[in-house]
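A.B. asks: The sequence and its predicted three-dimensional model are supplied below.
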Amino acid sequence: MITVYIPTSLREFTNGRAMLQLTSETIAQLFETLEAQFPGIGARLYDQHGQVWPYIAVFVNGQSIGHLQQKETSLRERDEVHIIPAMAGG
């Protein structure tokens with residue numbers, strides 16, 4: 001299983017769960033699984049073309065998917081995925 005850490009701002013979709021255990025082979029498949037299990041979360045992660053929103057950072061084992069293979073980044077058993085929205089303030 002892959003451990004997915006959900007930020008506070010998205011926990012409304014996961015019934016308050018901060019951590020999920022899921023099975024997926026790529027980030028793209030993981031996002032599909034998240035949307036299937038938690039309808040509405042996908043729109044907060046990626047646009048209508050399937051591209052991760054620029055204000056969402058996704059890390060696999062501490063490495064940004066932007067430095068890996070984007071949504072085609074492979075996932076393996078025991079990987080950790082962190083979804084981190086950008087912070088704004090003023």
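C.D. replies: Done, it's in.
A.B. asks: pLDDT below threshold where in the chain?
C.D. replies: 88-90 (pLDDT under 70).
A.B. asks: try 80 this time
C.D. replies: 87-90 (pLDDT under 80).
A.B. asks: just the helices in it please.
C.D. replies: Ranges of helices within the chain are 27-37, 41-45, based on DSSP state H.
A.B. asks: can I get the CA coordinates of the first one in CSV?
C.D. replies: Same thing as helix 27-37. Extracted C-alpha coordinates of helix 27-37, given in CSV (Å, rounded to 0.1, in the frame of the first residue of the first chain):
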residue,chain,number,x,y,z
ILE,A,27,0.5,9.5,-9.5
ALA,A,28,-2.1,9.7,-12.3
GLN,A,29,-3.7,6.5,-11.2
LEU,A,30,-3.5,7.6,-7.6
PHE,A,31,-5.4,10.8,-8.4
GLU,A,32,-8.1,8.7,-10.3
THR,A,33,-8.4,6.4,-7.2
LEU,A,34,-8.7,9.5,-4.9
GLU,A,35,-11.5,10.9,-7.1
ALA,A,36,-13.3,7.6,-7.3
GLN,A,37,-13.3,7.1,-3.5
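A.B. asks: what packs against that helix?
C.D. replies: With contacts taken as 3 or more Cβ pairs under 8 Å, 6 or more residues apart in numbering; DSSP states H and E, helix 27-37 sits against strand 2-5, strand 19-22, helix 41-45. Bear in mind the C-beta positions are built from the backbone N, C-alpha and C, glycine included.
A.B. asks: What's the local residue count around residue 3?
C.D. replies: By other Cβ atoms under 10 Å, the residues close to residue 3 number 13.
A.B. asks: and it, what are its bridge partners?
C.D. replies: residue 21, residue 80 (DSSP bridges).
A.B. asks: Nice, that's everything, thank you.
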